[in-house]
Structure formats: C-alpha cells, structure tokens
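>>> Sequence and predicted model, in that order:
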Amino acid sequence: MAIRWWMKWGICFTCSHLPCGRPLYEKIQRRFGELSRPSSSTRFDNTEVLLKMGRRWSGKVEGQHVVEIGTGWIAAVPLGFGLAGARVDTFDISRLAADDLFSQTRQVYHNRTEQLAKASGTALAKIRQRLQQIEQAGSFAGASQMLGGAYHAPFDTTALPFRDGRVDMVISNLVLQCVPKELIPLLLQESWRILKPGGIALHRIRMSDEYSGPGSGRNHLEYLKYSEQAWNRWFNHSLKHINRLRAPQFLELFRKHGFHCLEYNRKIDYQSIPHLQKLTLAPPFLRMGPEDIATVTMEVALKKTELPGNKS
C-alpha cells in the first residue's frame, strides 16, 4: 500500500517531538521503510560506485586509510571498503549500526564478493578471506576492528581524531544533503585538514524530497517551493534534515574549501522540469537553470589542493 507524502511527514514530525521518538521511528523504519529489507538497499550498489571511483583516482583501495562521514543504519559502504582491504574509520553523530542489521549486511556481501573484487581491484580470495575473518563478529564495531578500522559513534564529525595530512581518502554516501548548511563548511574544512596532500574525497549526494516516492502524491522536487523559514519550521528537525542545496552550490563549496573536482557525474530528472515550471519556486532557486534545479543525484571525486588565498 502506497503511503501519501503527508503521512510520511506526519509520522516523522510527530516522532521528532516525542521523548521516545527516535527508537519509535526506527521501529517504523524496520517495519515499513528501508530497514524492513536491508538486502534490497541501494547502498550496496552505491558502495561499488564509490569503490570504482576510489580505485580510478587513487590507483587502489587496498591499504588506503579511508574516513567515512555518516555510517548510517546499513553499514554497507564502510564494510565494503574494509573487505576490499582499506582501513576504514567511520563516523556517525548517533549510533545507528545495530547488530542485526550488520549481520544482514554481512550476509549480502557473501553473495556479492565477485562484484566487490571487480569494483575495488582486490583479489577475490582476499575478500572471501576477510569475510571469513569477521564471520564470528557479533557487531559492526567488532568487525571493523578485525579489519583494522573502527566505528566511532556518537561523534562530532567536524572535529575528527586525526593529525593533519594523515588520511588517504574521505568518503560519504547520501549524507551531505542532510548536513545543515552552516555545518558543511566546517565538515569540508576538517576533511581537507586530515587528507594527505593530493588526497581524494568521494561523495554521493541525493538532492530530492525524501517524503516523496511512488504513490506519495508529490513530485520529488516540489519541496523547492517552500521558503527557507517554512522548510526549517515544518520539515527540518532532529530525525530528518534536508538542506535543499543544488549541485552548483555543492560544487562551489568544494572549490571554496580547497578541492579540485576530478570527476562529476549527475542525474538530471528531465521529466520533472515541466512540473517545476508550474511551481512558484522559493527565492534561493529562482536564478538557477532548470537542469541545475532538476539534478537529483551527483557523484564527485575531489582532490585536495591548496586553499584559495594560501598560494605563494
């Protein structure tokens, strides 16, 4: 049965204002949302996309020190990189990676070892050996330690526990669109600080309304009609925050904070452009072109360069 967008919003908004709202919201997600079928999550495909990009721009994944911003409930990305031989430190502002979800994630990878090997360039035998190594791990945190990394949660991702220039790669999957606008510069500054000279950052970003979907009765770009005040008042809260930044704004933030874009892939929802033309868009989006507004996902590979103004 399809759930209308306002029902999704109402459940999330109500839970955000209840003392026991967070665990209640997780139960609802486990019953009706992505957590009801972790094996069908897009995070596994996304992991392979990031592995290919990491291999393309770093030369290899195995042996790299990788920092992930935003672990999430389904820890497919850090586990996939760990199985490929990277040392992964993954961070979340709340502890989300439950033991049973980790077990299901590990089981999915038992059926995806060949895809992992192909995406990462790691020998298939090594991936299978690492899977066997973590077979008895009862938690994602335990498995991370076995693979040489760590799960840090809860943790402030704008103050990471590494010395300057020590990390090979910073990655995130479907996270930056959920970071409050005022915190993104701090997060990017910290990513730049910990990366080695020439280090790589990989980000997958989804720029659409999370309350929309098939049968929801709402186009996934319709959320751009709300003023900043209305959006922050009614839709952003402790359980869900969407900053509504568009692709050009993200690219400018990356450039401003010392990153050179090596690769930029985007998906434009051309079918939604006629719908957008009927909307009265909020002021922040009025001067943007329709293709920039209708870019709903983007993947970027960034290289750490000198910060603007620091060049001799």
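Nice, thanks for sending it over. As the structure is a prediction and not an experimental result, all values here were calculated from the model. Numbers count the residues shown, from 1 in each chain.
>>> in the chain, which spans are strands?
Ranges of strands within the chain are 65-69, 87-91, 150-152, 167-173, 195-206, 259-268, 295-304, based on DSSP state E.
>>> For those strands, please prepare CSV with the additional fields mean pLDDT and distance to residue 285.
All C-beta atoms are positioned from the backbone trio N, CA, C, and that covers glycine. Shown next, in CSV, are the strands of the chain (pLDDT from 0 to 100; distance: least, C-beta to C-beta, whole Å):
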stretch, mean pLDDT, distance to residue 285
strand 65-69, 98, 26
strand 87-91, 98, 31
strand 150-152, 98, 35
strand 167-173, 98, 24
strand 195-206, 97, 16
strand 259-268, 98, 15
strand 295-304, 98, 12
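>>> For residue 16, find the nearest of these.
In terms of C-beta to C-beta, the element of those nearest to residue 16 is strand 195-206, at 20.5 Å.
>>> Between strand 259-268 and that closest one, find me the angle.
Per axes from the mean of the first three to the mean of the last three C-alpha atoms, to 10 degrees, the angle that strand 195-206 makes with strand 259-268 is 10 degrees.
>>> which stretches of the stretch 151-300 of the chain have low pLDDT?
Counting by pLDDT under 70, the stretch 151-300 of the chain contains no low-confidence segment.
>>> For it, which segments are assigned as helices?
Taking DSSP state H, counting those that start in this stretch, the helices of the stretch 151-300 of the chain run over residues 184-194, 228-234, 247-256, 273-278, 290-293.
>>> Turn the ones you listed into JSON lines, columns for mean neighbour count and distance to residue 21.
Output for these, formatted as JSON lines (neighbours: other C-beta atoms under 10 Å; distance: least, C-beta to C-beta, whole Å):
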{"stretch": "helix 184-194", "mean neighbour count": "19", "distance to residue 21": "25"}
{"stretch": "helix 228-234", "mean neighbour count": "12", "distance to residue 21": "16"}
{"stretch": "helix 247-256", "mean neighbour count": "17", "distance to residue 21": "30"}
{"stretch": "helix 273-278", "mean neighbour count": "12", "distance to residue 21": "33"}
{"stretch": "helix 290-293", "mean neighbour count": "17", "distance to residue 21": "32"}
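>>> wait, residue 131 sits on residue 116?
No. Between residue 131 and residue 116 no contact is recorded; they are 9.3 Å apart, counting by C-beta atoms under 8 Å.
>>> which of those two has more neighbours?
Set residue 131 next to residue 116 and count neighbours by other C-beta atoms under 10 Å: residue 116 wins out with 25 against 18.
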